[in-house]
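Chemist: Sequence first, then the predicted structure:
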Amino acid sequence: MEYILFDLDGTLTDPAEGITGGVNYALEYFGIHTQDRAELYKYIGPPLRQSFMEFAGLSEEQSHVGMTKYREYFGPRGIFENRVYDGIPELLSRLKKAGKKVVLATSKPWIYAEIILEEFDLKKYFDFVSGSELNGARTSKAAVIAYALERYHIPKDEALMVGDREHDIAGAKQNGISSMGVLYGFGSEEELKKAGADIIADRVENVFDLIMKM
């Protein structure tokens, strides 16, 4: 595998504080109160607009308002309530030294993703960044991966998607590329196996060796 596509939230960084803060802010606008912030972890990973409808019962129109409220919190504050998982900079550095092309494939708006990569000094490891648009275009993981494959001219048989949720695995399958699930993020082993991950890494420290064996 010469092209390694990484999810962002739950795979490279732990964004729980910032994302749940933004989601809570948006839900409060609609009078929806959350007692335990951990209840909002399910919003981390999937496209937020769909999650507002699925998990909070908002209408499509309300979900658009919810996204606006979310960004009121996330843009100036939540985006920085984040931390890089231990070992990630070392992993990315080893992949680059091994000659791999490293690509970001996130459902998060690419403009936010770029800021996060710069803030945490990760941008230097990436050859290409694929994300959604602020207007709601290209939010599914399948669409994000397809955009990366097309724009960066990536051969499908040389590409591997690495992510922590079923959406990462499903998006890889829809595009005909291999996938690796990671267990240190927000998805369970059961979720990743059910989605059909080709291989699963339980720790950051194991990701490099598994990639090199594929």
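Modeler: Cool, the structure landed.
Chemist: And the helices in this structure?
Modeler: With DSSP state H, the ranges of helices along the chain come out as 16-29, 48-56, 60-74, 88-97, 110-119, 141-151, 166-174, 189-195, 204-213.
Chemist: I'd like to know which of those helices is closest to Ala159.
Modeler: helix 141-151 (6.7 Å; Cβ to Cβ). In this view, the C-beta of every residue, glycine as well, is placed from N, C-alpha and C.
Chemist: give the contact list for Arg71.
Modeler: The contact partners of Arg71, taken as Cβ atoms under 8 Å, 6 or more residues apart in numbering, are Gly22.
Chemist: cutoff 10 Å now
Modeler: 22, 25-26, 48, 78-79, 109, 112, 134 (Cβ atoms under 10 Å, 6 or more residues apart in numbering).
Chemist: Likewise for Val162?
Modeler: Applying Cβ under 10 Å, 6+ apart, the residues contacting Val162 are 1, 4-7, 11-12, 91, 102, 105, 168, 172, 178-182, 197, 199, 201, 207, 210-211.
Chemist: Would you check how far apart it and Asp36 are?
Modeler: 29 Å (Cβ to Cβ, to the nearest Å).
Chemist: cool, Ser140 as well?
Modeler: Per Cβ to Cβ, Ser140 is found 28 Å from Asp36.
Chemist: Of these two, give the one with the bigger neighbour count.
Modeler: Counted by other Cβ atoms under 10 Å, Ser140 and Asp36 do not tie: Ser140 has more neighbours, with 17 against 7.
Chemist: isn't Pro89 right next to Val102, touching?
Modeler: No. With contact defined as Cβ atoms under 10 Å, Pro89 does not count as touching Val102 (11.9 Å).
Chemist: Overlap of the contact sets of those two?
Modeler: 122, 125.
Chemist: what's the offset of the biggest strand by length in the chain from the middle of its chain?
Modeler: Using DSSP state E, we find that the single longest strand of the chain is strand 101-109. Relative to the mean C-alpha coordinate of its chain, strand 101-109 is positioned 7 Å out (Cα atoms, centre = their mean, to the nearest Å).
Chemist: That strand pairs with which strands, parallel or anti?
Modeler: Using DSSP bridges, strand 101-109 pairs in its sheet with strand 3-6 (parallel), strand 128-132 (parallel).
Chemist: now the longest one against helix 110-119, angle please.
Modeler: Okay, so that is strand 128-132. Put simply, strand 128-132 runs at 140 degrees to helix 110-119, going by axes from the mean of the first three to the mean of the last three Cα atoms, to 10 degrees.
Chemist: what comes into contact with strand 128-132?
Modeler: Contacts for strand 128-132 (Cβ under 10 Å, 6+ apart): 3, 5, 8, 47-49, 101-114, 117, 123, 138-141, 143-154.
Chemist: now it against helix 48-56, angle please.
Modeler: Comparing the axes of strand 128-132 and helix 48-56 via the same axes, to 10 degrees yields an angle of 50 degrees.
Chemist: then stretch 131-139 to PDB, C-alphas only?
Modeler: Presented in PDB, the C-alpha positions along stretch 131-139 are these (Å, rounded to 0.1, in the frame of the first residue of the first chain):
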ATOM      1  CA  GLY A 131     -12.700  17.000   3.300                       C
ATOM      2  CA  SER A 132     -16.200  18.300   3.000                       C
ATOM      3  CA  GLU A 133     -17.300  21.800   2.100                       C
ATOM      4  CA  LEU A 134     -19.000  24.300   4.500                       C
ATOM      5  CA  ASN A 135     -22.000  24.300   2.200                       C
ATOM      6  CA  GLY A 136     -22.700  20.700   2.900                       C
ATOM      7  CA  ALA A 137     -21.200  19.200  -0.200                       C
ATOM      8  CA  ARG A 138     -19.100  16.000   0.000                       C
ATOM      9  CA  THR A 139     -19.900  15.100   3.600                       C
END
